[in-house]
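[1] what's the 3D shape of this:
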Amino acid sequence: MMSLSVSEGEDTRDNFTSHLYAALCRKKILTFIDNSLRRGEEICSSLLKAIEESKLSVIVFSENYASSRWCLDELVKILECKKMNGQTIIPVFYQVNPSHVRNQTEIVGDSIGEHELVTENMEKVKKWRAALKEVATLTGWDSRNIR
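    Sure thing, here's the model as predicted:
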């Protein structure tokens, strides 16, 4: 059985991502999505374990994805699993231009800039920036072009 993790922000949780999750479950794909974390919490060990054990990760980028430190930490972990375990990553750009994610412009850039203003850990912000750029160069789906 394939295991899959879905990384998404709060703004897609009750619409696009919930429909994606339901469709994957109907196809009997073991899917992990963590809706129980609150903003500002650290990624819990069960989420890290689910990411590590997944064969595939779907990352649903939205305009507000980069505003969540939690999502960005999850993104870095997913990329680590890609490098270490060969995990497949499928980016989905939900109503956001992939170039805005890749180049951190528009609202994505504003969100990263806000993190830079409030964090003391600039190395973490550098990792987030690199992760956004790397994943946004992968072949994925752009909701502005595909229904």
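[2] any idea of the mean pLDDT for whichever helix in the chain runs longest?
    Longest helix of the chain, by residue count under DSSP state H: helix 69-85. The predicted model assigns helix 69-85 a mean pLDDT of 93.
[3] what packs against it?
    Applying 3 or more C-beta pairs under 8 Å, 6 or more residues apart in numbering; DSSP states H and E, one finds that helix 69-85 contacts strand 3-8, helix 45-53, strand 56-61, strand 88-93, helix 122-136. Every residue, glycine included, has its C-beta placed from N, CA and C.
[4] relative to the third one, what are the paired strands and their orientations?
    Read it as strand 56-61. Next to strand 56-61 in the sheet, as set by DSSP bridges, lie strand 3-8 (parallel), strand 88-93 (parallel).
[5] which of those has the lowest mean pLDDT?
    Among those, strand 3-8 carries the lowest mean pLDDT, at a mean of 63.
[6] how many residues are close by the closest residue to residue 78 other than its chain neighbours?
    Leaving out its chain neighbours, the residue that sits closest to residue 78 by C-beta to C-beta, 6 or more residues apart in numbering is residue 57, at 4.6 Å. Residue 57 is flanked by 26 other residues according to other C-beta atoms under 10 Å.
[7] one more: residue 121?
    Using other C-beta under 10 Å, residue 121 has 9 other residues around it.
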